[in-house]
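[1] coords below, sequence missing:
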């Protein structure tokens with residue numbers, strides 16, 4: 001019943017624009033559109049129009065014209081949802097677009113839930129779950145690499161690999177089960193020697209996919225970059241230089257920044273999610289103290305820490321605390337205020353941090369290019385030249401792949417310990433089902449609901 005209802009929604013952004021699109025999908029989509037569309041070719045009905053054609057006419061309510069439109073007819077099964085689909089392209093005013101949607105709903109359609117068109121595409125077998133997730137990733141992509149990775153997933157890059165591995169697994173599950181049921185006719189002795197080769201091969205494929213997850217996270221989410229330093233070290237000035245706009249307040253008063261300030265910039269097609277923090281120092285100010293503690297916590301979760309040193313004043317206990325924070329973390333040390341007399345030397349920082357610092361002046365825009373180049377060197381190896389490699393950008397996929405790999409390791413362990421063959425099939429089946437969750441072959445309704453609830457309306 002749920003899937004037989006005809007749904008409709010506005011598929012374009014709810015703002016004034018050049019065009020607005022109302023999408024209708026379901027068994028009654030064409031009948032509903034026929035009731036409200038008047039073709040310039042009088043008497044021509046949508047049900048008689050060829051599929052995948054565009055028609056010019058008007059949308060009218062009881063003879064009163066609402067708007068002049070282009071109507072696209074797409075008949076099942078060759079549509080996005082594999083149902084009859086009609087799209088009305090009207091003028092892009094918010095009021096007129098809503099007016100047409102209200103008319104469609106009045107004629108019998110139901111307002112679509114977020115992601116319901118794509119959900120129907122999944123339920124009707126046009127795409128699998130990983131491809132459905134790629135749709136929203138494409139919508140949310142913020143750079144070329146994220147877009148390329150999402151398009152690759154939508155085209156079945158991940159699906160194809162997962163399906164191939166599942167076919168191998170199910171073949172051997174079936175063989176083991178058949179042999180256990182009919183030992184007189186199917187020989188299974190020493191079968192483990194053959195199976196372990198296949199398991200290692202599949203395990204290698206899964207581990208290869210998992211190895212792309214860190215790069216995939218950077219591609220889709222960006223590099224979480226935290227700027228640390230003492231008060232008045234020039235952190236906010238650096239942020240403004242990187243963003244190329246006056247985003248953060250800059251004064252000569254130490255402690256101007258008391259809370260985190262988050263901004264995003266694009267660096268060679270990967271996003272830096274930059275967080276400017278309160279200056280780290282001992283303070284009795286309650287508000288500033290909260291800001292300092294927040295800065296320390298954020299630093300623990302960062303992909304990259306940029307430590308800004310004020311070279312015009314000596315290092316102190318606050319600097320030592322920051323140096324401890326950045327130990328064992330990917331970090332870049334900037335020696336700021338090179339336009340002033342320098343008290344802190346490159347050699348001193350090199351010895352304390354065991355890194356090669358970069359000399360800059362955020363005020364004079366000196367050394368910023370060197371910082372950007374250093375970030376590329378640290379993060380972009382293997383990413384900057386994006387190719388046809390499949391990247392795991394979804395945390396759900398990563399976890400399921402890791403769990404499936406663990407199940408295969410159990411199979412391998414059982415073979416090495418020469419345990420009975422039914423031990424093999426238990427863990428093989430677990431791996432098979434875990435991989436199936438990635439593409440939606442074995443997945444709960446609650447998970448499906450959660451995934452599609454994150455979609456925008458009309459998609």
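    Nice, I can see it. For clarity, every value in this text was computed on a predicted model and none was experimentally measured.
[2] Show me what the mean pLDDT comes to for the host helix or strand of residue 24.
    Using DSSP states H and E, residue 24 sits in strand 17-25. Averaging pLDDT along strand 17-25 yields 95.
[3] which of the residues in that strand are buried?
    Buried residues in strand 17-25, defined by neighbour count with 16 or more other Cβ atoms under 10 Å: 20, 21, 22, 23, 24, 25. C-betas here are computed from N, CA, C, even on glycine.
[4] Distance to residue 130 for those residues - can I get that in JSON lines?
    Converted to JSON lines, the buried residues of strand 17-25 look like this (distance: Cβ to Cβ, whole Å):
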{"residue": "20", "distance to residue 130": "31"}
{"residue": "21", "distance to residue 130": "26"}
{"residue": "22", "distance to residue 130": "29"}
{"residue": "23", "distance to residue 130": "23"}
{"residue": "24", "distance to residue 130": "27"}
{"residue": "25", "distance to residue 130": "22"}
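[5] Residue 315 reaches residue 348, doesn't it?
    Yes - assessed by Cβ atoms under 8 Å, residue 315 is found in contact with residue 348 at 7.3 Å.
[6] what about residue 67, which SS state?
    Under DSSP: H, G, I helix; E, B strand; the rest coil, residue 67 falls in the strand class.
[7] contacting residues for it?
    58, 59, 90, 91, 96, 99, 100 (Cβ atoms under 8 Å, 6 or more residues apart in numbering).
[8] Select from these every entry located in strands.
    Among the contacts of residue 67, the ones falling in strands (DSSP state E) are 58, 59, 90, 91.
[9] Please point out which parts of the longest helix along the chain sit buried.
    For the chain, the longest helix by residue count, based on DSSP state H, is helix 157-181. For helix 157-181, burial by neighbour count (16+ other Cβ under 10 Å) applies to 157-159, 161-163, 165-166, 168-169, 172-173, 175-176, 179.
[10] pLDDT score for residue 2?
    For residue 2, the model assigns a pLDDT of 47.
[11] Give me the helices and strands touching the longest helix of the chain, please.
    For helix 157-181, the packing partners by 3 or more Cβ pairs under 8 Å, 6 or more residues apart in numbering; DSSP states H and E come out as helix 129-140, helix 191-210, helix 421-439.
[12] right, so of those, which gets closest to residue 401?
    Between residue 401 and those, the tightest spacing by Cβ to Cβ is seen for helix 191-210, at 5.3 Å.
[13] After the closest one, which helix or strand is next?
    helix 213-221.
[14] Roughly how far does the residue of the chain positioned farthest from its centre sit from residue 178?
    Centroid-distance maximum for the chain: residue 184 at 52.0 Å, with Cα atoms, centre = their mean. Residue 184 is 12 Å from residue 178, where distance means Cβ to Cβ, to the nearest Å.
[15] follow-up on the earlier one: TSV for the ones in strands among the contacts of residue 67, including pLDDT and neighbour count?
    What follows is those, written out as TSV (pLDDT from 0 to 100; neighbours: other Cβ atoms under 10 Å):
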residue	pLDDT	neighbour count
58	96	17
59	96	23
90	97	24
91	96	16
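[16] Between those residues, which sits nearest residue 43?
    Nearest member of these to residue 43, counting by Cβ to Cβ, is residue 58, at 14.2 Å.
[17] which residues sit in contact with that closest one?
    37, 38, 65, 66, 67, 68, 69.
[18] any chance you could map the helices in the stretch 251-400 of the chain?
    All helices of the stretch 251-400 of the chain, identified by DSSP state H, counting those that start in this stretch, fall at 286-300, 317-326, 346-353, 368-379, 395-416.
[19] Would you mind finding the most buried of the ones you listed?
    Highest mean neighbour count of the helices of the stretch 251-400 of the chain: helix 395-416, a mean of 19 (counted as mean count of other Cβ atoms under 10 Å).
[20] what comes into contact with that helix?
    Counting by Cβ under 8 Å, 6+ apart, helix 395-416 makes contact with 130, 133, 158, 192, 195-196, 199-200, 202-203, 206-207, 209-210, 213, 216-217, 392, 423-424, 427-428, 430-431, 434-435, 437-438, all of which sit outside it.
[21] and that helix with helix 129-140, angle?
    150 degrees (axes from the mean of the first three to the mean of the last three Cα atoms, to 10 degrees).
[22] so who does residue 360 touch?
    Per Cβ under 8 Å, 6+ apart, neighbours of residue 360: 238, 334, 335, 336, 338, 366, 367, 368, 370, 371.
[23] Filter these down to the ones in strands?
    Checking the contacts of residue 360 against DSSP E, those in strands are 334, 335, 336.
[24] could you redo those as TSV and give each row distance to residue 406 and pLDDT?
    Formatted as TSV, those follow (distance: Cβ to Cβ, whole Å; pLDDT from 0 to 100):
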residue	distance to residue 406	pLDDT
334	42	91
335	46	92
336	47	90
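[25] just the residues you listed now: which is nearest residue 109?
    Among the ones in strands among the contacts of residue 360, and counting by Cβ to Cβ, the member closest to residue 109 is residue 334, at 58.0 Å.
[26] residues in contact with the closest one?
    238, 306, 307, 308, 309, 357, 358, 359, 360, 367, 371.
[27] Apply 6 Å and report the result again.
    Neighbouring residues of residue 334 by Cβ atoms under 6 Å, 6 or more residues apart in numbering: 308, 358, 360.
[28] Could you do residue 195 as well?
    Counting by Cβ under 6 Å, 6+ apart, residue 195 has contacts residue 172.
[29] that older thread, can you tell me which of the ones in strands among the contacts of residue 67 comes closest to residue 10?
    Using Cβ to Cβ, the ones in strands among the contacts of residue 67 come closest to residue 10 at residue 90, 9.9 Å.
[30] List the beta-bridge partners for the closest one.
    Beta-bridge pairing for residue 90 (DSSP bridges): residue 20.
[31] close enough to count as contact, it and residue 68?
    No - using Cβ atoms under 6 Å, residue 90 is not in contact with residue 68, being 7.8 Å away.
[32] give me the number of residues near residue 38?
    For residue 38, the neighbour count with other Cβ atoms under 10 Å is 16.
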